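Trainee: Mind folding the following:
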Amino acid sequence: MKKKYIVAMTAGGIAIALIVALGFLYHNQTKKLPPPIYAFASDRTGNGDIFGLNQDGDIVNLTDDPSADWDPAWSADGTRLAFTSHRSGNSDIWLLNVVETGEKAAPHNLTVDPAWDYSPTWSPSGQSVAFVSERDGDPEIFVQNLESHSALQLTFNNEMDHLPAWSPDGKMIAFAAVRDGIERIHLIRPDGTDEQFATPPSLRGTSPAWAPDSQRLAFIGWNEQDRAGIYLLGPGETDLQLRYQARSWIGSLHWSADGEWLTFTAWDSGNHEIYALPAEGVDDYPLRLTVDPAWDDFLAINPQAPFFDAPHDNVAQAAPAVSLPPDDRFFAGANLADLSLTYLLNDLGLGWGKSYVNWATVEPEPGEFRWIDPDNIVKAMGDQQIKILMRVHGTPAWARPANSSYTRPPQDMADFGRFMSALATRYKGQVAAYEIWNEPNLNYEWGNGQPDPAAYTKMLKTAYTAVKAADPAALVITGGLATTGDGSPTAMGDLDFLQAMYDAGAKGYFDAVGSHPYTFGRGPDEIDLWGLSLSRVAEQYQVMQDNDDRQSRIWVTELGWVIASNWDLGEHQAIAVSEAQQAQYLSAAFDKLETNWPFVQAVFLFNLDFSTVAWYPASEPMRWYAILNPDRTPRPAYTELRLSRRAP
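Mentor: Below you'll find the model as predicted:
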């Protein structure tokens, strides 16, 4: 029989036209259910779950677990889903038979490994699943047979291989590969041989998706000048066509089973929603298929639904960059690594972003400036109307003693002043605030030498004078002080360091004191007698008051909680918390800082996305402070902060 479905895909009854599936045939056998027409992932229940459109046109939970489920992928026969789940305490690949009822319908592990596994894609035979695993220390492509307890590693490198897509003819696996910092589409055979480029060197690419005929490969591509778009490659080597020019972030690209439609996730409407685009790229598309405040993503159309159509009266409208109302009382932002994810600051309801400029990289030789990194920061955040806190650190080799650390201050502070003058002049009116150095009360951050508050104050005065002369409206923030209690052999106590700065004449040479009040695993309401808690900001402000500095404010330029991992996180291991605790603590800390302590003017989450970038290995603790998973899906802290910061 043939049926036509036009459904609403909302959490609260928001009616919208959706997918039309034609000619879907199935056998309604005893103890079996008809398979869903499609599946997708969403955090609309407060955590990630897999949802499906059933034969009656209803959206139903296919998984319902307190832990997150993401990344659904259909087997070729349309009866099973592979998906990423965190329910075992890690990230593993799980399988669900969606046509079985009773106990047989319970999902079960395919992979069991202490490292994170994610992003599954099925072999056409349904006997194996390819996926990404970090068990090698970085993201690599693996394949595991359903009958096996071990996986075959296909790729071996020190950067990132991710987002695999198995061709319907079974011959190749396409994936996005980062090599030398450049992301492109690669191909490899399922036995790990014959790795090759699929895209031209001039074009970067991610999120590959095979057409049902295995002759065409869609992917999201871009070059250094253009924003991302959906490209179609093949069947000829030179047959490359741009099908759609994106207006916002796009990802999660898939084909319909008939090869007529491409579906993807985009942020065009100010939320993560799912869209459909005819493969021929008609001008007045794409069509928005979901409308929900939640993060909807990873639409996977059942391959046994041979037809796919969508109504023509729901053309997507690009959302303008969010411009938050000015708030001089309290600022909220996040530290981020991947500038392509800057839009997520708006998604979270944050108005500020913190990024980093290494003086040593920008001025490798005296007077020779390479502005590419700060230019990229200013463009990415400016495009999203995000205000910029730019941390400046790192001394060039020419400005410090030979064989010394790049964290060592310059021998001639005038060199630093000239750099800050050039920086503030170039970005006048574009960078709102500069943070001068990082945690200068730590030996490591002061060239592995004894912290010197008087020398740091000289640096601060030099920077303040240069910045204010070039851009009087720009703010100058002291380098965030590490919370160190009374100090140690490798650190000076933060209160003593701050007092010594005032003794050296720092008052009047900063707009706010930077602070990093990490709590070492404690909740935001706990008070540690040694000062290793969030309440340390109140003690720091008392030092400011004692020095008759009641007008300056404190900026919390880093604050976060590391989540537990099976990797050895070193000194961070003992202070790790659960994902649920991270969410609870971050939300409560943001509220507490904004509500209880008026002397705190800003807070910056550490961090948004360090888990997603290629240059940090799996065991790097900074990845486990992130509120995004390595596959870019939201952790509970992301969902919790988004709900609280964007609440009307």
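Trainee: which residues touch residue 265?
Mentor: 250, 251, 252, 272, 273, 274, 275, 296, 297, 298, 299 (Cβ atoms under 8 Å, 6 or more residues apart in numbering). Using the backbone N, CA and C atoms, a C-beta is placed for each residue, glycine as well.
Trainee: Name the nearest residue to it, sequence neighbours excluded.
Mentor: residue 252 (4.2 Å; Cβ to Cβ, 6 or more residues apart in numbering).
Trainee: and the one you found, helix, strand or coil?
Mentor: On the three-state scheme (DSSP: H, G, I helix; E, B strand; the rest coil), residue 252 is labelled strand.
Trainee: and which of the contacts of residue 265 is nearest residue 554?
Mentor: Distance to residue 554, by Cβ to Cβ, is smallest for residue 272 among those, at 33.6 Å.
Trainee: low-confidence ranges in the protein?
Mentor: 1-33, 101-104, 236-238, 282-284, 306-328, 647-648 (pLDDT under 70).
Trainee: and it, what are its domains?
Mentor: 38-301, 331-645 (automatic domain parsing).
Trainee: Using CSV, lay out the contacts of residue 265 together with distance to residue 456 and neighbour count.
Mentor: Shown next, in CSV, are the contacts of residue 265 (distance: Cβ to Cβ, whole Å; neighbours: other Cβ atoms under 10 Å):
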residue, distance to residue 456, neighbour count
250, 44, 22
251, 42, 19
252, 46, 24
272, 42, 25
273, 47, 23
274, 50, 28
275, 50, 24
296, 48, 25
297, 45, 24
298, 48, 26
299, 52, 25
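Trainee: Now intersect those with the helices, please.
Mentor: For these, not one is inside helices, with DSSP state H as the criterion.
Trainee: ok, now how distant is the residue nearest to residue 216 when sequence neighbours are not counted from residue 172?
Mentor: Distance criterion Cβ to Cβ, 6+ apart; nearest residue to residue 216, sequence neighbours excluded, is residue 234 at 4.6 Å. Counting by Cβ to Cβ, to the nearest Å, the gap from residue 234 to residue 172 is 12 Å.
Trainee: What of residue 403?
Mentor: For residue 403 relative to residue 172 (Cβ to Cβ), the value is 49 Å.
Trainee: Which one's more surrounded, the two?
Mentor: Neighbours per residue, other Cβ atoms under 10 Å: of residue 403 and residue 172, the larger number sits with residue 172, 20 against 6.
Trainee: Please name the bridge partners of residue 391.
Mentor: residue 356, residue 435 (DSSP bridges).
Trainee: thought it was touching residue 439?
Mentor: No - with contacts counted by Cβ atoms under 8 Å, residue 391 stays clear of residue 439, the gap being 10.6 Å.
Trainee: Pull up the overlap in contacts between the two.
Mentor: Taking Cβ under 8 Å, 6+ apart as the criterion, residue 391 and residue 439 both touch residue 479.
Trainee: re earlier: quick one: the residue nearest to residue 216 from residue 262, how far?
Mentor: 14 Å.
Trainee: higher neighbour count, the two?
Mentor: More crowded of residue 234 and residue 262, by other Cβ under 10 Å: residue 262, with 25 against 18.
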